[in-house]
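Peer 1: Build me a model:
(one chain, ligands or ions: 1)
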Amino acid sequence: MIAYLNGDFLPVEKITISPDDRGFQFADGLYEAMRAYGGVLFRADEHLDRLAYGARQLQFARHDFTTVKSIFVELLRRNSLENKDALIYMQVTRGVAERTHAFPPADTPLTIYIRVKFFSGWPDELQNGIKVISVPDKRWSQCHLKTTGLLANILAHQQARESGAAEAIFIRDGFITEGSHSNVFVVKDKKLITPPLSDYLLAGITRQAVLEIASGLKIDVREVAIPASDLEDADEVFITGTTVEITPVVHVNGKNVRHGRPGELTIQLQKEFNLLK
Ligand code: PDD
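Peer 2: Numbers count the residues shown, from 1 in each chain. The predicted structure is shown next:
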């Protein structure tokens with residue numbers, strides 16, 4: 001597998017990153033994960049805009065990553081993925097510097113690492129749905145920034161896995177924020193509901209795609225706070241994300257969502273989403 005680091009294309013096993021990289025020392029980094037379907041990048045501009053937003057918020061030395069798209073295409077080509085389904089991972093850190101909390105000198109180059117792999121998602125889960133558990137949201141108050149500091153996310157996700165569930169849904173102050181690596185939607189009385197954007201959740205690219213589809217279908221959409229209890233009470237629940245697309249949730253905290261099968265509206269949105277890919 002050929003990957004990209006700071007201007008070079010190299011076999012991934014030949015890539016080394018300094019232990020003084022601030023990504024390693026401090027999780028002082030941002031990342032994006034995006035899909036290519038049949039070799040075509042899916043909403044790459046939106047992903048790169050979100051990365052640029054994070055870079056501005058964190059005062060990185062570079063805020064424009066639009067030219068990086070050509071590197072994605074080149075990596076797909078070099079790995080014979082130009083006609084395939086792939087996952088692209090990009091990480092940007094504040095670069096290599098002796099460990100100190102203060103920012104390094106302004107001319108310190110950012111570390112930019114990009115990797116691709118063949119990826120076809122989880123077809124069984126898309127069709128049959130998943131189990132989830134809810135967990136307290138113990139993360140910081142800047143969850144709208146896609147930083148590599150994901151310790152609370154991985155602990156929550158691991159807890160879900162160990163309890164036989166496929167995703168953990170965070171609850172903060174009694175309300176749903178998002179999943180460990182996904183956004184959350186519920187359907188109640190034919191209304192499609194998702195938490196409004198705030199500093200406590202990521203503005204998911206898939207979430208946005210679903211909102212656009214729903215508005216095209218004239219579905220009644222509400223971006224309002226969802227009490228945790230609605231997760232177990234909803235007519236339908238689904239999660240959205242680059243890796244999970246639109247995955248039905250059929251079981252929450254040990255109980256079926258309605259009849260324990262993917263809901264009608266969820267399936268309709270999945271079909272429309274597949275047309276966009
Ligand atoms: N995660 N919320 C969180 C906390 C996420 O980590 C993700 C995606 C999402 C969905 O965002 P999008 O639709 O833009 O992928 C929401 C990626 C896939 C990951 O961490 O691998």
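
Peer 1: ok, for the closest residue to the ligand within the stretch 51-200 of the chain, nearest residue in space, not its chain neighbours?
Peer 2: Of all residues in the stretch 51-200 of the chain, residue 181 sits closest to the ligand, at 3.9 Å by C-beta to the nearest ligand atom. All C-beta spots, glycine's among them, are computed from the backbone N, C-alpha and C. Closest residue in space to residue 181, ignoring its immediate chain neighbours: residue 241 at 5.9 Å, by C-beta to C-beta, 6 or more residues apart in numbering.

Peer 1: quick one: that neighbour from the ligand, how far?
Peer 2: Remark: distance between residue 241 and the ligand (C-beta to the nearest ligand atom, to the nearest Å) = 4 Å.

Peer 1: Looks like that residue contacts residue 178 (just checking).
Peer 2: No - between residue 241 and residue 178 there is no contact under C-beta atoms under 8 Å: 9.1 Å.

Peer 1: shared neighbours, these two?
Peer 2: Both residue 241 and residue 178 are contacted by residue 204, under the criterion C-beta atoms under 8 Å, 6 or more residues apart in numbering.

Peer 1: the more surrounded of the two?
Peer 2: residue 178 (25 against 22; other C-beta atoms under 10 Å).

Peer 1: Now do the spatially closest residue to the more buried one that is not a sequence neighbour: how many residues are near it, please.
Peer 2: Sequence neighbours aside, residue 201 is the residue nearest to residue 178 in space, at 4.2 Å (criterion: C-beta to C-beta, 6+ apart). A count of nearby residues for residue 201, using other C-beta under 10 Å, gives 23.

Peer 1: per-residue confidence at residue 201?
Peer 2: On the pLDDT scale, residue 201 is placed at 98.

Peer 1: Then the one 5 residues further on?
Peer 2: At residue 206 the predicted local confidence, pLDDT, stands at 98.

Peer 1: my guess is it meets residue 246, correct?
Peer 2: Yes - at 7.2 Å, residue 206 and residue 246 qualify as touching, with contact defined as C-beta under 8 Å.

Peer 1: more crowded one of these two?
Peer 2: residue 246 (26 against 22).

Peer 1: quick one: contacts of stretch 188-203?
Peer 2: The contact list for stretch 188-203 (C-beta under 8 Å, 6+ apart) reads 50, 137, 139, 141-144, 146, 172, 175-178, 183-187, 207, 210-211, 214, 219-226, 230, 233-235, 265.

Peer 1: Buried among those? Make that a ChimeraX selection.
Peer 2: Selection of buried members from these for ChimeraX, criterion 16 or more other C-beta atoms under 10 Å:
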select :50,137,139,143,144,146,172,175,176,177,178,183,184,185,186,187,207,210,211,214,219,221,226,230,234,235,265
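
Peer 1: Setting the sequence-adjacent residues aside, check what's closest to residue 56.
Peer 2: The nearest residue in space to residue 56 (C-beta to C-beta, 6+ apart) is residue 63, at 5.0 Å.

Peer 1: Residue 98 now?
Peer 2: residue 20 (6.3 Å).

Peer 1: what about the one you found, how many neighbours?
Peer 2: Residue 20 has 13 neighbours, counted by other C-beta under 10 Å.

Peer 1: near the ligand, anything from the helix or strand that contains residue 90?
Peer 2: Taking DSSP states H and E as the definition, one finds residue 90 inside strand 86-93. No - with C-beta under 6 Å from any ligand atom as the criterion, the ligand is not reached by strand 86-93; the gap is at least 7.6 Å.

Peer 1: re earlier: which residues are in contact with each of residue 206 and residue 246?
Peer 2: With C-beta under 8 Å, 6+ apart as the test, residue 206 and residue 246 both reach 240, 273.

Peer 1: just the contacts of stretch 188-203 that are near the ligand?
Peer 2: Checking those against the ligand (C-beta under 6 Å from any ligand atom), the matches are 178, 183, 207.

Peer 1: need those in JSON lines with secondary structure and distance to residue 122, can you?
Peer 2: JSON lines is the format used below for these (DSSP: H, G, I helix; E, B strand; the rest coil; distance: C-beta to C-beta, whole Å):
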{"residue": "178", "secondary structure": "strand", "distance to residue 122": "19"}
{"residue": "183", "secondary structure": "strand", "distance to residue 122": "17"}
{"residue": "207", "secondary structure": "helix", "distance to residue 122": "18"}
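
Peer 1: If you count contacts, what does the helix or strand of the chain with the lowest mean pLDDT end up packed against?
Peer 2: The least trusted helix or strand in the chain, going by mean pLDDT, DSSP states H and E, turns out to be helix 229-233, with a mean of 93. For helix 229-233, the packing partners by 3 or more C-beta pairs under 8 Å, 6 or more residues apart in numbering; DSSP states H and E come out as strand 183-188.
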